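> Okay, structure incoming, though there's no sequence with it:
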């Protein structure tokens, strides 16, 4: 509830000092920084008022604590020239402030990309930029208005305590930099006014004025109406509820962790004795952690929860059937797909691959096709366009040690790691075709963009075109 108290204490938001001092930061952020050793403070800066104020505030505190700061800007390339102007503005601002800057761009951006897809691309860049710096943290400029909008979004989707507690002031991600949100208790208007009073400028994202995104519609039409109907500033109540939900979720997760301390959640057999007598909320959290529940629909997961609570029954999983009896769940797995020998795929050929097929053709690079490719209007699960046009390619299964460098990655990575990050189930990885040049270089794996080495340019005259029809199997984003 500390964030609600901090919000209530701001009787005159127009008099926020510049830069915003740490006395107005979320207390959980300050407590976390006092308890943990950090070396590099990464700060996300889009050019908007919130991120500019955050960067200035973080820089001032970093000097006091003797920390290094790295500004991080990601160009989504979704607003044409406006996106590039934002990037240049951020470069100029960081130069004037003497702040180091790392800039990334979304090389495979689609004009139809969702807010969630853009966020994932942005966070992936932040994580890559900070991954080589042990002890790095990531500051983001979320504020009280963001908390209200997120609460409404999550409520409309039927989220539980964990989802409704977002955004958290301190969010620890395994293997990723901890995300810190020091402005979470501050209203957006107060942040903007602090910049105006200090004579500071910032960039405005024109898409924020449109009603295209659900979040924008909530901001423009629901939140203000809610405040008028409630006859109060609902942000204070939302901040308090968010904090209480975080407390409850943290307590339940702690209890679940203690009960499962001796349980291997990766095995196809899960003993339920450790959960005996536990409330439904504990069973729910335990099953969410069980590897074999991944990929279940909301209805499927509720069915699994019901039969586990009842102690008897069966549920179809993403692959296999979970049989519940005798105080345990046992997954009955179907036979593994037979190994496939590498297949030659020549121009004009179509090769059957497990439960789908993959084809290869050459196409003249017409302006319409180039426009479609370069604008990012391609589904990488279905097709890939290549600047290199070999007479034939090789299609084979994934092999241990495979490395792949898709567009936008900025290098190569183990294909296994890419599968893990995209949440591709282990049993499905060998069903996905791996397309290679005669040299052995991987140029496409359906579900990912083609390799950087075969990037299409405006000067291309002939293109290679790979298509994949997956049948019953498709790569699906299963992120929460």
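It's in. For clarity, every value in this text was computed on a predicted model and none was experimentally measured. Numbering: from 1, shown residues only.
> Would you quantify the distance from residue 122 to residue 316?
With distances taken as Cβ to Cβ, to the nearest Å, residue 122 is found 36 Å from residue 316. Where you see a C-beta, it was placed from the backbone N, CA and C, and this is true even at glycine.
> Neighbour count: those two, which is higher?
residue 122 (20 against 12; other Cβ atoms under 10 Å).
> Quick one: neighbours of residue 325, just the number.
Residues near residue 325, counting by other Cβ under 10 Å: 12.
> Output the lowest mean pLDDT helix or strand found in this structure.
When the helices and strands of the chain are scored by mean pLDDT, DSSP states H and E, helix 2-8 comes last with a mean of 49.
> Next secondary structure element downstream of that helix?
Later in the chain than helix 2-8, the nearest helix or strand by DSSP states H and E is helix 27-35.
> now the angle from the helix ranked longest in the chain to helix 27-35?
Secondary structure of the chain per DSSP state H: the longest helix is helix 234-259. If you take axes from the mean of the first three to the mean of the last three Cα atoms, to 10 degrees, helix 234-259 sits at 50 degrees to helix 27-35.
> Can you give me the buried ones in helix 234-259?
If you call a residue buried by 16 or more other Cβ atoms under 10 Å, then helix 234-259 has these buried ones: 234-236, 238-243, 245-246, 249, 252, 256, 259.
> State the number of residues packed around residue 182.
27.
> same question, residue 354
Neighbour tally, residue 354, other Cβ under 10 Å: 18.
> quick one, helices of the stretch 201-350 of the chain?
Taking DSSP state H, counting those that start in this stretch as the test, the helices found in the stretch 201-350 of the chain are 214-217, 224-230, 234-259, 280-289, 298-310.
> Can you redo those as TSV, where the extra columns are mean pLDDT?
Formatted as TSV, the helices of the stretch 201-350 of the chain follow (pLDDT from 0 to 100):
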stretch	mean pLDDT
helix 214-217	92
helix 224-230	94
helix 234-259	97
helix 280-289	96
helix 298-310	92
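> Out of these, the one nearest residue 74 is which?
For those, proximity to residue 74 was assessed by Cβ to Cβ; helix 214-217 is nearest, at 18.1 Å.
> Which neighbouring elements make contact with that closest one?
helix 144-156 (3 or more Cβ pairs under 8 Å, 6 or more residues apart in numbering; DSSP states H and E).
> Off-centre distance for the helix it packs on?
17 Å (Cα atoms, centre = their mean, to the nearest Å).
> again, but for stretch 269-278
Centre-to-centre, stretch 269-278 and its host chain are 32 Å apart (Cα atoms, centre = their mean).
> you'd agree residue 403 is up against residue 413?
Yes: using Cβ atoms under 8 Å, residue 403 is in contact with residue 413, at 6.7 Å.
> helix/strand/coil for the residue nearest the centre of the chain?
Compute the mean C-alpha point of the chain, and by Cα atoms, centre = their mean the closest residue is residue 120, 3.2 Å away. Three-state call for residue 120 (DSSP: H, G, I helix; E, B strand; the rest coil): helix.
> Check residue 435 too.
strand.
> Residue 450 versus that one, what's the distance?
9 Å.
> what does residue 108 give?
With Cβ to Cβ as the criterion, residue 108 and residue 450 are 9 Å apart.
> and if you look at residue 178?
Counting by Cβ to Cβ, the gap from residue 178 to residue 450 is 34 Å.
> Among the two, which residue is more densely surrounded?
Comparing residue 178 with residue 450 by other Cβ under 10 Å, the one with more neighbours is residue 450, at 29 against 18.
> Residue 372 sits in which helix or strand?
In this structure, residue 372 sits in helix 367-374 according to DSSP H and E.
> which is the next helix or strand following that helix?
Downstream of helix 367-374, the next assigned helix or strand under DSSP H and E is strand 383-386.
> Average pLDDT for that next one, rounded please.
Averaged across strand 383-386, the pLDDT comes to 95.
> what's the answer for stretch 29-43, then?
Rounded mean pLDDT across stretch 29-43 is 96.
> what does stretch 117-133 give?
pLDDT averaged over stretch 117-133 gives 91.
> roughly how far out does that stretch sit from the chain middle?
9 Å.
> So what touches that stretch?
Residues from elsewhere that reach stretch 117-133 (Cβ atoms under 8 Å, 6 or more residues apart in numbering): 39-40, 42, 44, 70, 72, 74, 76, 78, 102, 104, 106, 109-110, 113, 136, 138, 176-177, 408, 410, 479.
> and what of stretch 158-165?
151, 154-155, 157, 241-242, 245-246, 248-249, 252-253, 284, 298, 480.
> how much space between residue 177 and residue 135?
Taken as Cβ to Cβ, the span from residue 177 to residue 135 is 9 Å.
> Please apply the same query to residue 374.
39 Å.
> can you check residue 258 too?
Using Cβ to Cβ, we find residue 258 at a distance of 28 Å from residue 135.
> if we can go back for a sec, settle it for me: which of residue 177 and residue 135 has more neighbours?
residue 177 (24 against 14).
> thought that one was touching residue 134?
No: using Cβ under 8 Å, residue 177 is not in contact with residue 134; the gap is 10.0 Å.
> Residue 224: how many residues sit nearby?
Residue 224: 11 neighbours (other Cβ under 10 Å).
> what's the distance between it and residue 424?
Taken as Cβ to Cβ, the span from residue 224 to residue 424 is 43 Å.
> do the same with residue 16
46 Å.
> same deal with residue 445?
10 Å.
> Show me the common contact partners of residue 108 and residue 450, please.
In contact with both residue 108 and residue 450: 380, 406, 407, using Cβ under 8 Å, 6+ apart.
> Residue 234 versus the last one, what's the distance?
With distances taken as Cβ to Cβ, residue 407 is found 43 Å from residue 234.
> Tell me which other helices or strands the host helix or strand of residue 416 touches.
According to DSSP H and E, residue 416 maps onto helix 415-421. Under the contact criterion of 3+ Cβ pairs under 8 Å, 6+ apart, helix 415-421 touches strand 403-404.
> Neighbouring strands of the strand it packs on in the sheet, and parallel or not?
Neighbouring strands of strand 403-404 in its sheet, by DSSP bridges, are strand 413-414 (antiparallel).
> just how off-centre is the strand it pairs with within its chain?
Per Cα atoms, centre = their mean, the centroid offset for strand 413-414 relative to its chain is 19 Å.
> Rounded mean pLDDT for it, please.
Summarised as a single mean, pLDDT over strand 413-414 is 90.
> residues near residue 64, how many?
When counting by other Cβ under 10 Å, one arrives at 8 neighbours for residue 64.
> Check which helix or strand it maps to.
helix 49-65.
> so who does the nearest residue to residue 464 once chain neighbours are set aside touch?
Counting by Cβ to Cβ, 6 or more residues apart in numbering, residue 464 lies nearest to residue 386, which is 3.6 Å off, once chain neighbours are set aside. Going by Cβ under 8 Å, 6+ apart, residue 386 touches 443, 444, 450, 454, 456, 463, 464, 465, 466.
> ok, and the most crowded of the residues you listed?
residue 450 (29 neighbours).
> mind listing what that one touches?
380, 384, 385, 386, 406, 407, 443, 444, 466.
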